[in-house]
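**Student:** Here's my sequence, what's the structure:
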Amino acid sequence: MVKKIAIALLCTALGSSLYARDISEGKGFIGLEVGAATVQGDTYYKPGHEGNAVEFGLRIGAQKDEWRTMFAFDYFDSSSDDQNIEKSFLMVDYFLYESDAEIKIKPFIGLNLGYVNYESTFVDVSDFAYGAQAGVTVGITEYLDLDLSYRYSLSSADELDNMGSIVFGVNYLY
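**Tutor:** Numbers count the residues shown, from 1 in each chain. You can find the predicted model right below:
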C-alpha cells in the first residue's frame, strides 16, 4: 500500500511539473474524446472476459511544436458485458514531424500512465495502468485540432488485464 501511494505521489508531482512547464511555454488546450474500446477483465461469469463498448472523456493539456502533455479522464460502461471502468491518465506525446501544408498534419507516438477503477459484479478494483499510444493530429484551424489514435494500456490489477481503444479527439487550443 505504501509503495502504491509513493508511486501515485511521484506520478502526480511529475505530471504537475510537466504540465506547469507546458502551460508557460506552449499552447493550452481542452477537449473531448470518444472511442471504441475493448477491455479484458474478470467478470463473475467468465475470467478474462473481453468486452467492447464506447468510451468517452475529457482532456486537458498543453502542446508545443514537438510534443504535448495531457490529462485525460475517460469512462467506459458496457452493461451487456458487465464491465465498467473510470480511467485517469497522464499522457506524453512526441510529434514525429509536421506537414508544411495549410492543414497541419502531425503523427505522434506517446506513453501513458494512470489510475483505473474496474467494476463488474462481485469485482471492484482500483490500480495503476500504463501503456502507449500512436496516432495523428490534424490542425484544422489555429484554435482547433482533431486527432485519431490507438491507445493500449496494461493494468497491474489481477482482475483487469488490458484495455485498447481507437480514440477520436477534438481539442480547442487557447
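**Student:** which residues of the chain fall in helices?
**Tutor:** 2-25 (DSSP state H).
**Student:** Where does the prediction get shaky in it?
**Tutor:** 1-24 (pLDDT under 70).
**Student:** Which parts of it are strands?
**Tutor:** Along the chain, counting by DSSP state E, strands occupy 27-41, 49-63, 67-78, 83-95, 104-120, 123-139, 144-155, 160-173.
**Student:** Taking strand 27-41 as reference, get the angle to the fifth one.
**Tutor:** In this case it means strand 104-120. If you take axes from the mean of the first three to the mean of the last three CA atoms, to 10 degrees, strand 104-120 sits at 40 degrees to strand 27-41.
**Student:** List the buried residues for strand 104-120?
**Tutor:** By neighbour count on 16 or more other CB atoms under 10 Å, the buried set for strand 104-120 is 104, 106-108, 110, 112-116, 118-120. Where C-beta positions appear, they are placed from N, C-alpha and C, glycine not excepted.
**Student:** Could you list every helix and strand that it packs against?
**Tutor:** Packing contacts for strand 104-120, counted by 3 or more CB pairs under 8 Å, 6 or more residues apart in numbering; DSSP states H and E, involve strand 27-41, strand 83-95, strand 123-139, strand 144-155, strand 160-173.
**Student:** any idea of the angle it forms with strand 49-63?
**Tutor:** Using the same axes, to 10 degrees: strand 104-120 against strand 49-63 is 140 degrees.
**Student:** The third one too?
**Tutor:** Using the same axes, to 10 degrees, the inter-axis angle of strand 67-78 relative to strand 49-63 is 150 degrees.
**Student:** Now do strand 67-78 against strand 83-95, angle only.
**Tutor:** Using the same axes, to 10 degrees: strand 67-78 against strand 83-95 is 160 degrees.
**Student:** who touches strand 67-78?
**Tutor:** The contact list for strand 67-78 (CB atoms under 8 Å, 6 or more residues apart in numbering) reads 15, 18-19, 22, 26, 29, 33, 35, 37, 39, 51-63, 83-95, 108, 114, 163, 165.
**Student:** before we move on, back to that, possible to save the helices and strands packed on strand 104-120 as JSON lines with distance to residue 68?
**Tutor:** What follows is the helices and strands packed on strand 104-120, written out as JSON lines (distance: least, CB to CB, whole Å):
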{"stretch": "strand 27-41", "distance to residue 68": "8"}
{"stretch": "strand 83-95", "distance to residue 68": "5"}
{"stretch": "strand 123-139", "distance to residue 68": "8"}
{"stretch": "strand 144-155", "distance to residue 68": "9"}
{"stretch": "strand 160-173", "distance to residue 68": "9"}
